[in-house]
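> here is a sequence together with a model predicted from it:
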Amino acid sequence: DAKTTQPPSMDCAEGRAANLPCNHSTISGNEYVYWYRQIHSQGPQYIIHGLKNNETNEMASLIITEDRKSSTLILPHATLRDTAVYYCIVRVSTLILTGGGNKLTFGTGTQLKVEL
Amino acid sequence: EAQVTQNPRYLITVTGKKLTVTCSQNMNHEYMSWYRQDPGLGLRQIYYSMNVEVTDKGDVPEGYKVSRKEKRNFPLILESPSPNQTSLYFCALSREPINQPQHFGDGTRLSIL
């Protein structure tokens, strides 16, 4: 799986949009970009994923650049409950390449702190 | 939404005393796995299961066993726990083994004295 690079920490004011960047310059054509978050020692929570088109769901939006070398997770109106570590993960999309294991490799992520 | 139930949530025990951490699901998902999380090391996969009676090792399987006799349950067994297995454990599952988001349980914090 391609390696990802994220800033270690970011701050955001409550009610404002939080834009979390992720660099995945070695991503290959069959790899998806996934975002998860973990709120202090709770189980990681899936947020969104995409291949090359921008995606939006009830939690967030995912913007992937045209060359797919980077992406941005957008929380449109951050709240205090969005304070968490956010992980950007790149995953292959074929069962053969994964060897059958849907393993997620979490890096160090970005600690997002939402403040009043 | 997928529900993942882990038990116990917390356990303090002693070296060598066999223990089992249970994981159950209510969504008939095929893929289940176990992770441990340690400071500075992130989440590491212990074992995974593609379906009933199909299990395989992850990155750190030593000292652990699993079984998948039925689709809904995937227990993690520590036959002879040691202090280096003190950790935060998560069970995760997905509908299929690929291209699917994984849903995690709330975690089990084990302390082996």
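Nice, thanks for sending it over.
> residues in contact with stretch B:53-68?
By CB atoms under 8 Å, 6 or more residues apart in numbering or on different chains, the residues outside stretch B:53-68 that reach it are A:100-101, A:103, B:32-36, B:44-52, B:69, B:74-82, B:84-85. (C-beta placed from N, C-alpha, C; glycine too.)
> of the residues you listed, which belong to strands?
B:32-36, B:44-51, B:76-78 (DSSP state E).
> out of these, who's near chain A?
Among the ones in strands among the contacts of stretch B:53-68, the residues lying close to chain A (CB under 8 Å from any CB of the partner chain) are B:33, B:35, B:45, B:48, B:50.
> burial count for the second one?
Here the neighbour count serves as a burial measure; for B:Tyr35 (other CB atoms under 10 Å in any protein chain shown) it reads 29.
> so which one among the ones next to chain A among the ones in strands among the contacts of stretch B:53-68 has the lowest pLDDT?
The pLDDT minimum for those sits at B:Met50, where the score is 87.
> hmm, that one is touching B:His29, no?
No. The criterion here is CB atoms under 8 Å, and B:Met50 misses it with B:His29 at 11.0 Å.
> test my guess that A:Ser41 contacts B:Tyr89.
No. Applying CB under 8 Å, one finds A:Ser41 not in contact with B:Tyr89, separated by 11.5 Å.
> residues that sit against both of those two, list them.
With CB under 8 Å, 6+ apart as the test, A:Ser41 and B:Tyr89 both reach B:107, B:109.
> pick out whichever of the two has more residues nearby.
Shown here are A:Ser41 and B:Tyr89; by other CB under 10 Å, B:Tyr89 has more neighbours (23 against 10).
> secondary structure class for A:Arg81?
Using DSSP: H, G, I helix; E, B strand; the rest coil, the secondary structure recorded for A:Arg81 is helix.
> what number of residues lie near it?
9.
> quick one: residues contacting it.
Taking CB under 8 Å, 6+ apart as the definition, contacts of A:Arg81 comprise A:39, A:114.
> ok and the residue in chain B nearest chain A?
In chain B, the residue that lies nearest chain A is B:Phe104 (3.2 Å; CB to the nearest CB).
> name the nearest residue to that residue, ignoring sequence neighbours.
In space, and not counting its chain neighbours, B:Phe104 is closest to A:Gly43: 3.2 Å by CB to CB, 6 or more residues apart in numbering or on different chains.
> so the one you found touches B:Phe90, yeah?
Yes. Counting by CB under 8 Å, B:Phe90 is a contact partner of A:Gly43 at 5.2 Å.
> OK, contacts around the residue nearest to the spatial centre of chain B?
In chain B, the residue lying closest to the centroid (CA atoms, centre = their mean) is B:Trp34, at 3.0 Å. Shown in contact with B:Trp34 (CB under 8 Å, 6+ apart): B:23, B:45-48, B:58, B:64, B:66, B:74, B:76, B:89-92.
> kindly recompute the last result at 7 Å.
The contact partners of B:Trp34, by CB atoms under 7 Å, 6 or more residues apart in numbering or on different chains, come to B:46-47, B:66, B:76, B:89, B:91.
> most neighbours of all those, which one?
That'd be B:Cys91 among the contacts of B:Trp34, by other CB under 10 Å, with 28 neighbours.
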